[in-house]
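Peer 1: any chance you can model this:
(2 chains)
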Protein chains: 2
Amino acid sequence: MADQFVITFQGEVVPGGGKSVAATTGKSVLDAARDAGLEVIATCGERGRCRSCRVKVLKGDAPPATIMDQVQLGHEEVQERFRLSCQMPVTGDATILIAPPKSEAGHKVLAIERREETGAVKLDSGVVKECVQVTLPDDENHQSSDVEELVRALSVEVEAPVPADILRKIPETVRARRNQVTVSLFRGEIIDVQPGDTSDQKLGMAFDVGTTSIVGSLLDLNTGQELASVGGVNPQSPFGGDLMSRIAYIQEDPKRLQTLRAKVLGAVNDYVKEACTLAKVDPQNIHKIAVVGNTCMHHIFLGINPTHVGLAPYAPSMRDPIVLKGSDIPLKTVPNARVCMLPIIAGFVGADTVAAALATRIYESDDMRCLVDIGTNGEVVMGQKGKLLACSAPAGPALEGGQIRHGMRGALGAIERVTIAKEVELQVIGGVDPIGICGSGLIDAVSAMLDAGILTQRGLIRFDDRETFSDTIRDRLRHVGERDEFVLGWAEAAGGEEDITLNQSDVRQLQLAKGAICSGVLLLERVLDIANEEIREIYLCGGFGNYINTESALRIRLLPDVGVERVTYFGNAAGMGAQMALLSETERARANDLAREIEHVAMATHPEFQDVFLDALEFPAAPNADSEATGSRVA
Amino acid sequence: MADQFVITFQGEVVPGGGKSVAATTGKSVLDAARDAGLEVIATCGERGRCRSCRVKVLKGDAPPATIMDQVQLGHEEVQERFRLSCQMPVTGDATILIAPPKSEAGHKVLAIERREETGAVKLDSGVVKECVQVTLPDDENHQSSDVEELVRALSVEVEAPVPADILRKIPETVRARRNQVTVSLFRGEIIDVQPGDTSDQKLGMAFDVGTTSIVGSLLDLNTGQELASVGGVNPQSPFGGDLMSRIAYIQEDPKRLQTLRAKVLGAVNDYVKEACTLAKVDPQNIHKIAVVGNTCMHHIFLGINPTHVGLAPYAPSMRDPIVLKGSDIPLKTVPNARVCMLPIIAGFVGADTVAAALATRIYESDDMRCLVDIGTNGEVVMGQKGKLLACSAPAGPALEGGQIRHGMRGALGAIERVTIAKEVELQVIGGVDPIGICGSGLIDAVSAMLDAGILTQRGLIRFDDRETFSDTIRDRLRHVGERDEFVLGWAEAAGGEEDITLNQSDVRQLQLAKGAICSGVLLLERVLDIANEEIREIYLCGGFGNYINTESALRIRLLPDVGVERVTYFGNAAGMGAQMALLSETERARANDLAREIEHVAMATHPEFQDVFLDALEFPAAPNADSEATGSRVA
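Peer 2: This is a model prediction of the structure:
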């Protein structure tokens, strides 16, 4: 039988400063903390592959360090009784300090902006609202019913049986306001009845459910106008920072699917309420919702186990578009709304990619174009009218600030722009003191460090050559333990406790990320047998915290060198595509066609992938590499 | 503020013999008992119109008797501190004896027997089960998914999107038995997936949900064979004995709809389990369910408030057929089965009548025919191919044993046959001692009493003339208080505590019931402008406890005199129609057509109704009325 012990948790995430719980042997300390309702972040999905669930054993025995503890925490921290809570078994009474996660208050949502490239979207949402006066049967020889009279009063045709939950509302609703009723239909099916006249309130929401962030926008389906924009961190994040970690978390125990599902549905419900509060409207008037997301997010959202999406050959369980009642998902804020899930192309090329292709209108281009959508995974779509290819590049979380020592998402306090001239200049989200660096800042920083010669073409920090730099730069190059690092922001200047740095390992992470993305583009070029020059335009999409500097993106070779004039930063294309499918059934139908037309290319098994990837890892030579003179270097 | 008191309940229905509960002023004693989880029968729907919720105040103050107490209980019982608990307010601490309801253990279910009249039913249930071997994607360049491969493997066409709950089952199911899966479809929609080969198990259930009884039968959809038959008292009965009482109960507080709904859904779930246990099959292989019932039962089953069905012009909220997922109703035993609710004709001519018309095939008759379906309400359908009329006759519960002093449903111990010659001979269900009398027994008893001259043509017990009868009969005629009654069974002979009698009021109730039914037939004859002689056949349908004696039915003029050879006892025609709609989509479609073709005639508002009804109340003259000599009378 399992023994039971008392674990007392402390730390910033523990309400009231301390919480004691009973825990049995066999559980991990992480499970014990979660059972106690404490949010402990486990970015790698409890696989001992990251540091996010680190705890310190304050009282009680610290169990022997595992190999994962040694690798992730290093000898010093292990000695100081730090452990990975996902790997640490409950073995006795203990007091445990949970290392607080970095505060991400004020997460900056990259609002979905409609772009001119998209052109006009026809307002044919499929939702019709009609206010009618119902004449109820008044003769005992009646051969009619409430429902029949309601349908008779409509000018639009009803093409589907009335759903049971609407039937249940009808007797009361038709009698509430002197038989005046507003009927809502979606594609000929009655989806709601409301007392009185609410026909001017015809709303919808578009959601982009990303691995890292969830973004939603509330639109008026009559005018196409955006009424509110909401969003934030995907609350599944503590259970795994990337797709594979979340899948691994579920593979361990299928019941955990429900845990992750509850998180995303809870968040969507909250965003519905928040958006309606902001716009001062009633959620009952949201009649349609369009949802995009990668295959894993899509499956979890629907309650479909994504285990097999994470195992070769990474096939999804379903790909077709599906329309569900809110109550069937269930989304309790919008039980009668029709929720339209956009279709999927392949296991790692999901509905978000379909939506991005829709938004960029790449499918009607006469010239070769390319869209690169960067999230935790990067997806690349390339081609032109009549022929489109797609692949998924496993970028990892670096471009969203993950696995970077001072990395963070695009939230308040994130460095979003870096320039290095005589001095290092930082631009911080919210104009506050910096607390970390987000994706766009990281790309800028590395770009600037390359230009300044601080980084070599192969991505090495030129620590041994630091004597050649100006004082300002030299002071920032330092060696801590075994770590070479470059100080972006001094603690004293920033008012923080710690200098904000970029170290050799961070640069390697960025290299892996940008190498993966660049490989995707290069590989599709090879499959299509075209050269860089033949690409007329690259749409760079995704939420990096802020608009990415396209020059920096080219400088670090996130994209192959097509020339800066051919790179367009497109913002959240997936979210934009979701909005289009929300506003227009024509666009939603086009998304369904696109999902079937786009050909999937599996990167990892492509025979040329290794070659391409090794090539893509390197940084380009400095534009003026021949000259040793740069502004920030000692002549 | 409401004061709080302690009420202690005693009586046979109280587990453990006693239960104390806190109750506040403003509640009725009945509510307090129900809050305590005690089942108190209130046949009239808490309107003070029956005696079923009678209690005796053992300790504490008995409140002043209401007018309902006086009428229902009489002066004597009021003096003995009996009260109607639905009318009795909580006014102080008290000990209350709940008068135990009559035991109805062993309720006799009138099993649904297929009849030859019905002819062969085509076995096209709409349910298809196919076992397939699914080839899952094995190439990373896949453009497919589990669902697509499953659909590809099927030989039948899939014509609807796969429902979300099935999508959730697919990943695991297709991999459970080496990719062997049995797919169930209903009308082209995938409704279930099961691991391995279960294609030989294709089951369905038909339910007739009556006001008084629920009857179900489990059928093999491959062969049409009945595998089990189940049924019993509708557990809504304690909340109202007839439709109007149940509607009144809900009108008082719409939340009570959920109470009644939970009762019927719970019963259906239990019957599903019971039938599957009897037949040793798995409820998961029940893929289709057909349900018939009157409009009120139909609406409550679906969760639609039937309030307006009970108010002029008695219009239903819906009439169209509807097919729902078990999980949408919800029926938790059969979440994936498709539940087909048959359509409704009018407020008091429901799906049960449609099913009865279907079963009798009256719609294809070249001659004028009539079907009379007797439940708490009686429905009459009359006509021939191309023209059918229907009306509803408010028979009341007498023919099901209700509002008859010793009346009971067709359960163990019910007198089902009565003959009066030299002696009174009784036939009792189960061959046990009689404890009451059911509908068929009542019809027989009154018929025999008419023949014996104990009843006059106008329905009076010939008490004053009792000296003219034989000793045997004379002894049985007696006057108790203000009550004239005829003893059917002596307590000592029956081993009971009380003689089983039929009194003047019982005869009046039967007269009202049979008068209503007979009026329905006569009225439709007038609307069609035909004479009795033109009716080729009357189908007498319904569950009276046992097969009704058609001679007795004609003798009491339950039906107009068409000659006994033209009356066919048809049994549970509604249940039979439900079975046909279960086995055959052709028959179900025919039911939908029938519901629209049958014309509804409102009896109560028909100008000739009063005339017809007054005429129908009387009993016919004795066949040998001229002669005063009958076998049981003293010459």
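Peer 1: residue A:65 - nearest residue in space that isn't next to it in sequence?
Peer 2: Of all residues not flanking residue A:65 in the chain, residue A:78 sits nearest, at 4.4 Å (C-beta to C-beta, 6 or more residues apart in numbering or on different chains). C-betas here are computed from N, CA, C, even on glycine.
Peer 1: let me see the contact set for the one you found.
Peer 2: In this structure, residue A:78 makes contact with A:65, A:69, A:70, judged by C-beta atoms under 8 Å, 6 or more residues apart in numbering or on different chains.
Peer 1: confirm the second one sits in a helix?
Peer 2: Yes - read with DSSP: H, G, I helix; E, B strand; the rest coil, residue A:69 is one of the residues of a helix.
Peer 1: partners of residue A:193 in the sheet?
Peer 2: When bridges are taken as DSSP bridges, the partners of residue A:193 come out as residue A:183.
Peer 1: may I have the predicted confidence score for it?
Peer 2: You'll see residue A:193 listed with a pLDDT of 98.
Peer 1: over to residue A:39?
Peer 2: 81.
Peer 1: next one: residue A:54
Peer 2: What the model reports for residue A:54 is a pLDDT of 86.
Peer 1: now it: closest residue in space that isn't a chain neighbour?
Peer 2: residue A:99 (4.5 Å).
Peer 1: can you pull the buried residues of the helix or strand harbouring residue A:246?
Peer 2: Per DSSP states H and E, residue A:246 falls inside helix A:243-252. Going by neighbour count (16 or more other C-beta atoms under 10 Å in any protein chain shown), the buried part of helix A:243-252 is A:243, A:244, A:245, A:246, A:247, A:248, A:249, A:250, A:251.
Peer 1: repeat for stretch A:610-623
Peer 2: Buried residues in stretch A:610-623, counted by 16+ other C-beta under 10 Å: A:612, A:613, A:616, A:617, A:619, A:622.
Peer 1: tell me if I'm right that the fifth one and residue A:454 touch.
Peer 2: Looking back up the chat, that one is residue A:619. No - under the criterion of C-beta atoms under 8 Å, residue A:619 makes no contact with residue A:454, lying 11.6 Å away.
Peer 1: give the next helix or strand downstream of the helix or strand containing residue A:208.
Peer 2: Using DSSP H and E, residue A:208 sits within strand A:203-209. For strand A:203-209, the following helix or strand on the C-terminal side (DSSP H and E) is strand A:213-220.
Peer 1: packing partners of that next one?
Peer 2: Here strand A:213-220 touches strand A:203-209, strand A:226-233, helix A:256-279, helix A:573-583, going by 3 or more C-beta pairs under 8 Å, 6 or more residues apart in numbering or on different chains; DSSP states H and E.
Peer 1: what's the angle between that strand and helix A:573-583?
Peer 2: Orientation check (axes from the mean of the first three to the mean of the last three C-alpha atoms, to 10 degrees): strand A:213-220 against helix A:573-583 gives 30 degrees.
Peer 1: can I get the CA coordinates of strand A:213-220 in PDB?
Peer 2: Taking C-alpha atoms only, strand A:213-220 is exported to PDB below (Å, rounded to 0.1, in the frame of the first residue of the first chain):
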ATOM      1  CA  SER A 213      -1.600  32.100 -27.400                       C
ATOM      2  CA  ILE A 214      -5.300  32.300 -28.000                       C
ATOM      3  CA  VAL A 215      -6.600  35.300 -29.900                       C
ATOM      4  CA  GLY A 216     -10.300  36.100 -30.400                       C
ATOM      5  CA  SER A 217     -12.200  38.900 -32.100                       C
ATOM      6  CA  LEU A 218     -15.800  39.800 -31.900                       C
ATOM      7  CA  LEU A 219     -17.300  40.900 -35.200                       C
ATOM      8  CA  ASP A 220     -20.600  42.400 -36.300                       C
END
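Peer 1: got the angle between that strand and strand A:203-209?
Peer 2: Going by the same axes, to 10 degrees, strand A:213-220 makes 160 degrees with strand A:203-209.
Peer 1: partner strands of strand A:213-220 and their direction?
Peer 2: Here strand A:213-220 has these sheet partners by DSSP bridges: strand A:203-209 (antiparallel), strand A:226-233 (antiparallel).
Peer 1: out of these, which is the most enclosed?
Peer 2: Mean neighbour count (mean count of other C-beta atoms under 10 Å in any protein chain shown) peaks for strand A:203-209 among the strands paired with strand A:213-220, with a mean of 29.
Peer 1: spatially central residue for chain A, please.
Peer 2: residue A:210 (2.7 Å; C-alpha atoms, centre = their mean).
Peer 1: once you drop chain neighbours, what's closest to it?
Peer 2: residue A:375 (5.3 Å).
Peer 1: report the secondary structure state of the residue nearest to residue A:65.
Peer 2: Here residue A:78 is recorded as helix under three-state DSSP.
Peer 1: what about it, distance to residue A:446?
Peer 2: 31 Å (C-beta to C-beta, to the nearest Å).
Peer 1: got it, and residue A:130?
Peer 2: From residue A:130 to residue A:446 the distance is 57 Å (C-beta to C-beta).
Peer 1: what does residue A:79 give?
Peer 2: Distance, residue A:79 to residue A:446, using C-beta to C-beta: 33 Å.
Peer 1: neighbour count: these two, which is higher?
Peer 2: Per other C-beta atoms under 10 Å in any protein chain shown, whichever of residue A:79 and residue A:446 has more neighbours is residue A:446, with 26 against 11.
Peer 1: so the closest residue to chain B within the stretch 401-550 of chain A is in which element?
Peer 2: In the stretch 401-550 of chain A, no residue comes nearer to chain B than residue A:527, which is 10.7 Å away by C-beta to the nearest C-beta. Assigned by DSSP H and E, residue A:527 belongs to helix A:504-528.
Peer 1: buried ones in that helix?
Peer 2: So, applying 16+ other C-beta under 10 Å, buried residues of helix A:504-528: A:504, A:506-507, A:509-525, A:527-528.
Peer 1: check contacts around residue A:191.
Peer 2: Per C-beta under 8 Å, 6+ apart, neighbours of residue A:191: A:163, A:166, A:184, A:185, A:287, A:325, A:336, A:337, A:338.
Peer 1: can you list the domain ranges for chain A.
Peer 2: Listed domain ranges for chain A are A:4-98, A:127-195, A:203-341, A:365-395+A:517-617, A:398-510 (source: automatic domain parsing).
Peer 1: for residue B:232, find the nearest of these.
Peer 2: Closest to residue B:232 of the domains of chain A, according to C-beta to C-beta: domain A:127-195, at 26.2 Å.
Peer 1: tell me where the model's unsure across the stretch 401-550 of chain A.
Peer 2: Along the stretch 401-550 of chain A, the model assigns pLDDT under 70 to residues A:494-496, A:543-546.
Peer 1: hmm, I typed the wrong one, I wanted chain A.
Peer 2: Applying pLDDT under 70 to chain A flags residues A:1, A:100-119, A:494-496, A:543-546, A:623-635.
Peer 1: which residues of the stretch 251-400 of chain A lie near chain B?
Peer 2: Contact residues (C-beta under 8 Å from any C-beta of the partner chain) of the stretch 251-400 of chain A with chain B: A:254, A:302-305, A:307-308, A:312-320, A:322-324, A:328-329, A:344-347.
Peer 1: now do 7 Å
Peer 2: A:302-305, A:307-308, A:312-319, A:322, A:324, A:328, A:346 (C-beta under 7 Å from any C-beta of the partner chain).
Peer 1: could you single out the most deeply buried of the helices and strands packed on strand A:213-220?
Peer 2: Highest mean neighbour count among these (mean count of other C-beta under 10 Å): helix A:573-583, with a mean of 31.
Peer 1: which SSE is immediately downstream of that helix?
Peer 2: Counting by DSSP H and E, what follows helix A:573-583 is helix A:585-597.
Peer 1: quick one: buried residues of that next one?
Peer 2: Neighbour-count burial for helix A:585-597 [16+ other C-beta under 10 Å]: A:585, A:586, A:587, A:588, A:590, A:591, A:594, A:595.
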